[in-house]
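Chemist: A predicted structure for the sequence below; I have some questions about it.
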Amino acid sequence: MTLSLDIPRLETDRLILRGPEAADFDPLCAFLMDPVRSAGFGTEKTRSDAWRWFAVNIGHWALHGYGYFTIEMKDTGEAAGISGIWNPEGWPEPEVGWVVFDRYEGLGIAHEAATCARDWAYTTLGFTTLTSNIVPGNTRSVALAERMGAWFERSYDNVHMGAEMLYRHPGPDSLAEGAA
Amino acid sequence: MSFALHIPQLETERLILRGYDPARDFDRLADFFTSEGSRFFLGPADRYGAWRLACCFVGHWVERGYGLFAIEEKSTGDFTGMVGPWAAETWPEPELAYLLMEDKGGRGYATEAALCARNYIYYDLGWATVASAIEPENTGSIKVAERLGATLDYEHPLPNGGIIHYYRHPGPEALQ
């Protein structure tokens, strides 16, 4: 069998969203092993576990045709976070997710990246709806979801994260109307 | 980024070693990883954890250019286990890993599959040496390693406080 990956390179004003590369692992690992910063995402205890998550994401791309992009800063080339579409076994439905690494908070990067990833899922993958699962208390992510036009739909028990709030994003049709 | 990697299909007398196929393999893989039988193989986990491992197996091929094959039983087409070269980040060296579904034990399948994967490691990947990392209590896997001519080489401490034993396989020259 042939294992193929075809990860596009997307651009926004300040960012490039691209496939994960080996050099992205160190900043991602620092984030995943930081229990405070990764609390809303899922913390990995060891570098070995964090590498496994890195490989999981690549496998997710290969098996689903989508996954988390690396967010690269156009001006410096540095990895600033990850954003993309995520759909593990047991998830209620595919979600758009975002993470911004230390030093890149407060710059609107997550909003710019997640909006780009959502547009790509609607226009290229043909998704008609998307959610974001947010751990209660993660007010920054709630604020971002709301800024993207998403609304709280229900609470549920996530197989990995426990209690989570499911936010529903506006679909492609209503976003197109809004833009018109 | 575009990437394509051919995963070869290998054959033994009773088994096929091929790329992981979630549609055919995931349910049985998940049954294994949610059972106590997976305690020496990163388990037990829930179905989400099993899915993560399956994705990780696939991502490993992309990152390393090699990885675990799914083992299929020729006579039934059943997913029977995973076998192949594996290089986890931070572990001392790449290894020949093998795991067998519990309902396919006792038939010499693990030995047959691991022998085939070891030949692939030596003659296709060109490695000069390989070991298998086995927990000291995992007597089933130790027996397979010994049947393959591997011997205890060294022990390595695990982050969780345990230890793992590296069984060194005979090298390609010794097998000639």
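Modeler: Okay, I see it.
Chemist: Helix or strand next in line after the longest helix seen in chain A, which one?
Modeler: In chain A, assigned by DSSP state H, the helix with the most residues is helix A:47-64. Once helix A:47-64 ends, the next helix or strand along the chain (criterion: DSSP states H and E) is strand A:68-73.
Chemist: which strands and helices sit next to that following strand?
Modeler: strand A:15-18, strand A:79-86, helix A:109-123 (3 or more CB pairs under 8 Å, 6 or more residues apart in numbering or on different chains; DSSP states H and E). Where you see a C-beta, it was placed from the backbone N, CA and C, and this is true even at glycine.
Chemist: Just want the angle from that strand to helix A:47-64.
Modeler: Following axes from the mean of the first three to the mean of the last three CA atoms, to 10 degrees, one obtains 110 degrees for the angle between strand A:68-73 and helix A:47-64.
Chemist: List the pairing partners of strand A:68-73 within its sheet, with orientation.
Modeler: Using DSSP bridges, strand A:68-73 pairs in its sheet with strand A:15-18 (antiparallel), strand A:79-86 (antiparallel).
Chemist: list the buried ones in whichever helix in chain B runs longest?
Modeler: Using DSSP H, we find that the single longest helix of chain B is helix B:47-64. For helix B:47-64, burial by neighbour count (16 or more other CB atoms under 10 Å in any protein chain shown) applies to B:47-63.
Chemist: just to revisit the earlier point, could you look over the helices and strands packed on strand A:68-73 and pick the most buried one?
Modeler: Of the helices and strands packed on strand A:68-73, the one with the most neighbours on average (mean count of other CB atoms under 10 Å in any protein chain shown) is strand A:79-86, at a mean of 25.
Chemist: Using PDB, write down the CA coordinates of it.
Modeler: Coordinates of the C-alpha atoms in strand A:79-86 are reproduced here as PDB (Å, rounded to 0.1, in the frame of the first residue of the first chain):
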ATOM      1  CA  ALA A  79       6.400  28.000  14.700                       C
ATOM      2  CA  ALA A  80       3.900  29.900  16.700                       C
ATOM      3  CA  GLY A  81       1.300  27.200  17.400                       C
ATOM      4  CA  ILE A  82      -0.900  24.700  15.700                       C
ATOM      5  CA  SER A  83      -4.500  24.900  14.300                       C
ATOM      6  CA  GLY A  84      -6.600  22.500  12.300                       C
ATOM      7  CA  ILE A  85      -9.300  20.000  12.100                       C
ATOM      8  CA  TRP A  86      -9.300  17.100  14.600                       C
END
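Chemist: can you tell me the average pLDDT over that strand?
Modeler: Averaging pLDDT along strand A:79-86 yields 98.
Chemist: which residues touch it?
Modeler: Strand A:79-86 is contacted from outside by A:15, A:17, A:20, A:23-24, A:27-28, A:31, A:57, A:60, A:66-73, A:94-101, A:104, A:109-110, A:113-114, A:116-117, A:121, A:125, A:127, A:130, using CB atoms under 8 Å, 6 or more residues apart in numbering or on different chains.
Chemist: ok, now stretch A:55-62?
Modeler: Applying CB under 8 Å, 6+ apart, the contact partners of stretch A:55-62 are A:3-5, A:7, A:19-20, A:66-68, A:82, A:86-88, B:52, B:54-60, B:62-63.
Chemist: Repeat that for stretch B:25-40.
Modeler: By CB under 8 Å, 6+ apart, stretch B:25-40 touches A:89, B:41-47, B:49-51, B:53-54, B:70, B:78-79, B:82, B:99, B:101-102, B:134-135, B:137-138, B:141.
Chemist: Just the pLDDT for the closest residue in space to residue A:39 that isn't next to it in sequence.
Modeler: Of all residues not flanking residue A:39 in the chain, residue A:135 sits nearest, at 7.1 Å (CB to CB, 6 or more residues apart in numbering or on different chains). As predicted, residue A:135 sits at a pLDDT of 95.
Chemist: what's the spacing between residue A:135 and residue B:138?
Modeler: 36 Å (CB to CB, to the nearest Å).
Chemist: Same question for residue B:150.
Modeler: 13 Å.
Chemist: ok, these two, which is more surrounded?
Modeler: For residue B:150 versus residue B:138, neighbours defined as other CB atoms under 10 Å in any protein chain shown are more numerous around residue B:150 (22 against 16).
Chemist: Look up how far chain A lies from that one.
Modeler: To chain A, residue B:150 is 23 Å away according to CB to the nearest CB, to the nearest Å.
Chemist: Show me where chain A dips below the pLDDT cut-off.
Modeler: A:179-180 (pLDDT under 70).
Chemist: how about the residues of it near chain B?
Modeler: Proximity of chain A to chain B, by CB under 8 Å from any CB of the partner chain, involves residues A:1-7, A:9, A:18-19, A:21-22, A:45-48, A:50-60, A:62-63, A:88-90, A:159-160.
Chemist: how about a cut-off of 7 Å?
Modeler: With the criterion set to CB under 7 Å from any CB of the partner chain, chain A comes near chain B through A:1-7, A:18-19, A:46-48, A:51-52, A:55-60, A:62-63, A:88-90, A:159-160.
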